[in-house]
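In: prediction below, plus the sequence it came from.
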Amino acid sequence: MKIAPLALALLAAGCASAPPAAAPEWKMEGSRIIGCCCAAPCPCRINRLPQHCHGCDGTTAVHIDRGFIGKTRLDGVDWVVVGRSFAEDKGQNWVTLYVSDKASDEQFEAVKGLFEGSIKEYGPKAAHLAGKISGIRKVPIAYSRSADRREWSCTIPGVLELRTRSIVLPGHTTPAVSTGIFDDFGDTLIHADALAHTYSDAKLGAKFDLTGRQSNQAEFVLDSIRAAKGGIGWGCYSGHKDLGSKDPYQEKDAGHK
């Protein structure tokens, strides 16, 4: 950013205030739901390998309350990412993106660009994080949260049912949370039960039932300036032997001596 000439101009005019901060290239405020095949708590949030050697089968459902990418408004847009990541055999990794059919073509292209750009930024690590992009398409998506903000759900008719309820521990009145963790949308999450988590896409030949496994919820306010500072992003991004990790998958480290 070339702010020096602006700062000098302000000082020359007798104004000692700092120049205005650069505007973010994109900003999103909303919520997201994640469910995967691991047991709770989610290991990749603390940069550990997923529980299973076959990798992490999981779903991320996103709702944008308000936001933009460039000149494109995203208010009310929903999308879902489903796939497998960080398998011991990286050739088994895959990912697909579903965008609400209520999104305009402009909004669809903006979300698609953000999705593809995020994967590209990981460089060689993308093979471990996402693997093959197996599809990007519009579908009907229903995303909702209950009045008490505990039950969050997302459905794609005939493809996905994801229903979660935040966990309130005995003696507490608010849900259990973890902070300082890795996440694409920030560094805090709400622990939840997966009341239902089923997926079946005949076009991809992919399916799973992860009901009862790990899930979590999060509200977020995120923009390009915050993202550039680092400290956020998908967990376990270095968790593979090809990337220097010596940690075992949990299912190989289940014995006790």
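Out: Great, that's in hand. Numbering: from 1, shown residues only.

In: tell me the contacts of residue 100?
Out: Taking CB atoms under 8 Å, 6 or more residues apart in numbering as the criterion, residue 100 is in contact with 77-79, 138-141. Yep, even glycine has a C-beta here, placed from its N, CA and C like the rest.

In: correction: residue 101
Out: By CB under 8 Å, 6+ apart, the residues touching residue 101 are 138-141.

In: swap in residue 156?
Out: So residue 156 contacts 80, 98, 139-142 (CB under 8 Å, 6+ apart).

In: rerun that using 10 Å as the cut-off
Out: Taking CB atoms under 10 Å, 6 or more residues apart in numbering, we find residue 156 in contact with 59, 61, 78, 80, 82, 98, 100-101, 139-143, 162, 199, 201.

In: any of these buried? List them.
Out: By neighbour count, with 16 or more other CB atoms under 10 Å, those hold 59, 61, 78, 80, 82, 98, 100, 139, 141, 143, 162, 199, 201 as buried.

In: where strands are concerned, which of those count?
Out: 59, 61, 78, 80, 82, 98, 100, 139, 143, 162, 199, 201 (DSSP state E).

In: farthest-separated two in these?
Out: Farthest-apart pair in those is 143 and 201; separation 18.0 Å (CB to CB).

In: columns distance to residue 178 and pLDDT on top of the contacts of residue 100, output as CSV?
Out: Below are those laid out as CSV (distance: CB to CB, whole Å; pLDDT from 0 to 100):
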residue, distance to residue 178, pLDDT
77, 27, 98
78, 25, 98
79, 24, 98
138, 33, 98
139, 31, 98
140, 32, 98
141, 27, 98
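
In: pLDDT weak spots in the stretch 101-250 of the chain?
Out: Along the stretch 101-250 of the chain, the parts satisfying pLDDT under 70 run over 234-238.

In: in it, which spans are helices?
Out: Assigned by DSSP state H, counting those that start in this stretch, the helices in the stretch 101-250 of the chain fall at 105-121, 126-129, 224-228.

In: mind listing what's buried along the last one?
Out: Applying a neighbour-count criterion of 16+ other CB under 10 Å, one finds residue 227 buried in helix 224-228.

In: ok, of the contacts of residue 101, which one's closest to residue 208?
Out: Relative to residue 208, and with distances defined as CB to CB, the nearest of the contacts of residue 101 is residue 139, at 17.6 Å.

In: one step back: nearest to residue 208, of the buried ones among the contacts of residue 156?
Out: Out of the buried ones among the contacts of residue 156, the member with the shortest distance to residue 208 (by CB to CB) is residue 199, at 5.3 Å.

In: surely that closest one meets residue 205?
Out: No. Using CB atoms under 10 Å, residue 199 is not in contact with residue 205, being 12.0 Å away.

In: show me the contacts for the residue nearest to the spatial centre of the chain.
Out: In the chain, the centroid-proximal residue (CA atoms, centre = their mean) is residue 184; its distance is 4.5 Å. If a contact means CB under 10 Å, 6+ apart, then residue 184 has 32, 34, 60, 62, 81, 118, 218, 220, 222, 227, 232-235 as its contacts.

In: same thing but at 8 Å, please
Out: Residues in contact with residue 184 (CB under 8 Å, 6+ apart) are 60, 118, 232-234.

In: kindly report the same for residue 45.
Out: 178, 181-183, 189, 216, 235.

In: to which secondary structure element type does it belong?
Out: Three-state call for residue 45 (DSSP: H, G, I helix; E, B strand; the rest coil): helix.

In: now the closest residue to it other than its chain neighbours: how far from residue 188?
Out: Nearest residue to residue 45, sequence neighbours excluded (CB to CB, 6 or more residues apart in numbering): residue 181, at 4.0 Å. To residue 188, residue 181 is 7 Å away according to CB to CB, to the nearest Å.

In: next: residue 50.
Out: For residue 50, the distance to residue 188 - CB to CB - is 21 Å.

In: with neighbour numbers in mind, choose between those two.
Out: Using other CB atoms under 10 Å as the criterion, residue 50 and residue 188 rank with residue 50 on top: 28 against 15.
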